[in-house]
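Participant: Got a predicted model here, sequence first, then my questions.
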Amino acid sequence: MNKTELNKNKQLPSKKERHKLFGSVDPGPRTKPEEKDKMADLQNFREDFLFNIDMVGISNVKHPIQIPSQLAPQIQTTIGTFSFGSSIAQGSKGTNMSRFTEQLDKYHNEGFAIDIETLKKFTKELAGRLKQGDSEVEVSFPWFFERKGPFSDLTGMNHADATIKVLYDQATGYDITVELTGKITTLCPCSKEISEYSAHNQRGNVTMSVKLTEDFDEQQVDWKAVLLDAAESNASARIHPVLKRPDEKMVTEQAYENPRFVEDIVRLVAADLYEYDFVEAFEVSCRNEESIHLHDAVATLSYDKKREDSAE
Ligand SMILES: Nc1nc2c(ncn2[C@@H]2O[C@H](COP(=O)(O)OP(=O)(O)OP(=O)(O)O)[C@@H](O)[C@H]2O)c(=O)[nH]1
């Protein structure tokens with residue numbers, strides 16, 4: 001094997017000199033304390049600061065996480081994007097932001113699994129660490145699931161975007177919302193009705209945001225799989241990573257047999273969510289990336305079973 005000849009005849013200044021050449025300067029005189037207990041603590045300064053703050057914290061925190069899934073693969077390591085926060089009262093200058101990531105690292109070292117029970121414990125502990133009566137955590141992550149071709153049974157990996165939001169308030173308890181955005185195929189009913197042949201179809205994005213009932217049991221129900229099914233089972237057709245010709249024929253014909261407007265999708269998905277006992281309230285939206293336009297078609301529907309029940 002021929003060794004590559006490297007041309008390294010240049011005489012470079014030292015790294016320190018190079019930094020000076022590009023503008024680095026020596027440190028100035030040190031006048032402020034360097035020990036933590038002698039440093040000013042602005043965040044803990046007390047005064048009347050005019051308003052309470054509903055939520056202060058940090059967002060866009062990326063961290064490796066493990067999530068459980070009832071669909072294969074059943075244990076997944078993925079990247080979570082977190083935000084953390086709590087309220088602060090009028091008399092308090094600021095929150096202690098280092099405590100959010102400090103708590104995250106503690107959970108990471110203990111083997112952080114992203115399930116609702118753990119996040120409930122996390123928020124309660126976080127409120128204590130912050131010396132506040134409430135706290136919240138939100139984590140979003142891509143969730144992967146194995147999908148088989150409808151005829152060939154050939155497998156591949158699909159994914160949906162999932163979010164869990166847990167609010168803890170020592171006076172009122174927990175408020176838990178989960179969200180999933182899954183992709184589907186929709187075929188336009190109008191186009192099918194008016195055309196001699198064919199019908200245009202598109203990729204739809206269905207987002208379901210669900211407030212869970214207090215007694216929700218994640219050991220019994222994988223909310224991700226349930227919400228995915230609510231979107232896909234009401235679509236014109238499902239989306240697949242691997243399709244051979246017999247599979248392609250099946251999904252094409254299935255879409256033609258099940259035409260859907262965005263309005264149809266949000267109403268049909270709403271009907272499924274309405275039937276699930278662990279769903280207290282929900283919002284469903286559908287955004288179709290139109291294949292005959294540059295714009296998208298959108299629809300949104302929300303429903304609160306508690307409010308509707310008490311109105312009856
Ligand atoms: N409250 C507040 N903190 C900020 C802001 N911008 C940056 N910081 C953070 O201030 C943090 C340091 O403050 P603290 O977390 O209170 O640190 P500390 O007082 O040494 O921490 P404790 O020992 O837990 O009290 C750093 O993590 C910065 O990220 C801001 O707008 N508001």
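Facilitator: Now that the structure is in, tell me what you want to look at.

Participant: Look up how far the ligand lies from the spatially closest residue to R147 that is not a sequence neighbour.
Facilitator: The shortest distance from R147 to any residue other than its chain neighbours is 4.6 Å, reached at N158 (CB to CB, 6 or more residues apart in numbering). (Glycine included, C-beta is placed from N, CA and C.) Note on N158: its distance to the ligand, by CB to the nearest ligand atom, to the nearest Å, is 37 Å.

Participant: so which strand or helix has N158?
Facilitator: Secondary structure assigned from DSSP states H and E places N158 in strand 155-169.

Participant: Buried residues, that strand. List them.
Facilitator: Within strand 155-169, the residues that count as buried by 16 or more other CB atoms under 10 Å are 158-160, 162-169.

Participant: Export only the CA atoms of it, formatted as PDB.
Facilitator: Taking Å, rounded to 0.1, in the frame of the first residue of the first chain, the C-alpha atoms of strand 155-169 are listed here in PDB:
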ATOM      1  CA  THR A 155     -41.800  -5.600   7.300                       C
ATOM      2  CA  GLY A 156     -40.300  -2.100   7.500                       C
ATOM      3  CA  MET A 157     -40.300   0.700  10.000                       C
ATOM      4  CA  ASN A 158     -42.700   3.600  10.200                       C
ATOM      5  CA  HIS A 159     -42.800   6.400  12.700                       C
ATOM      6  CA  ALA A 160     -45.100   8.900  14.200                       C
ATOM      7  CA  ASP A 161     -44.500  12.000  16.400                       C
ATOM      8  CA  ALA A 162     -45.500  11.600  20.000                       C
ATOM      9  CA  THR A 163     -45.700  14.100  22.900                       C
ATOM     10  CA  ILE A 164     -46.500  13.600  26.600                       C
ATOM     11  CA  LYS A 165     -47.300  16.700  28.800                       C
ATOM     12  CA  VAL A 166     -47.600  16.300  32.500                       C
ATOM     13  CA  LEU A 167     -48.700  19.200  34.800                       C
ATOM     14  CA  TYR A 168     -48.400  18.800  38.500                       C
ATOM     15  CA  ASP A 169     -50.100  21.100  41.000                       C
END
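
Participant: pLDDT averaged over that strand - what is it?
Facilitator: The average pLDDT for strand 155-169 rounds to 98.

Participant: for stretch 240-255, same thing?
Facilitator: 97.

Participant: re the thing from before, show me what contacts the residue nearest to R147?
Facilitator: Shown in contact with N158 (CB atoms under 8 Å, 6 or more residues apart in numbering): 144-147, 239-241.

Participant: Next: K121.
Facilitator: Neighbour list for K121: empty [criterion: CB under 8 Å, 6+ apart].

Participant: now the end-to-end length of stretch 211-230.
Facilitator: 15 Å (CA to CA, to the nearest Å).

Participant: Following element in sequence after the helix or strand containing S209, please.
Facilitator: Counting by DSSP H and E, the element that carries S209 is strand 201-212. Next along the chain after strand 201-212, taking DSSP H and E as the criterion, comes helix 223-232.

Participant: Heading C-terminal from that following helix, find the next helix or strand.
Facilitator: Counting by DSSP H and E, what follows helix 223-232 is helix 245-257.

Participant: Can you give me the buried ones in that following helix?
Facilitator: By 16+ other CB under 10 Å, the buried positions in helix 245-257 come out as 247, 250-251, 254-255.

Participant: Using a markdown table, lay out those residues together with distance to the ligand.
Facilitator: As requested, the buried residues of helix 245-257 are arranged in a markdown table below (distance: CB to the nearest ligand atom, whole Å):
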| residue | distance to the ligand |
| --- | --- |
| D247 | 51 |
| M250 | 54 |
| V251 | 50 |
| Q254 | 52 |
| A255 | 50 |
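
Participant: now those residues as a markdown table including distance to D304?
Facilitator: A markdown table is the format used below for the buried residues of helix 245-257 (distance: CB to CB, whole Å):
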| residue | distance to D304 |
| --- | --- |
| D247 | 40 |
| M250 | 38 |
| V251 | 35 |
| Q254 | 33 |
| A255 | 33 |
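
Participant: how about the residues of the chain that lie near the ligand?
Facilitator: Residues of the chain lying near the ligand by CB under 6 Å from any ligand atom: 36, 41, 43, 94-99.

Participant: and the two most separated of those?
Facilitator: K36 and T95 (17.5 Å; CB to CB).

Participant: neighbour-wise, which of those two wins?
Facilitator: Ranked by neighbour count (other CB atoms under 10 Å), K36 and T95 place T95 first, with 23 against 7.

Participant: Now do that one, the pLDDT please.
Facilitator: 96.

Participant: What distance do you get for it to K8?
Facilitator: T95 is 52 Å from K8, where distance means CB to CB, to the nearest Å.

Participant: If the residue of the stretch 151-300 of the chain found nearest the ligand is in a bridge, with which residues?
Facilitator: Using CB to the nearest ligand atom, the closest approach of the stretch 151-300 of the chain to the ligand is made by Y168 at 19.2 Å. For Y168, the beta-bridge partners are S135, Y174 (DSSP bridges).
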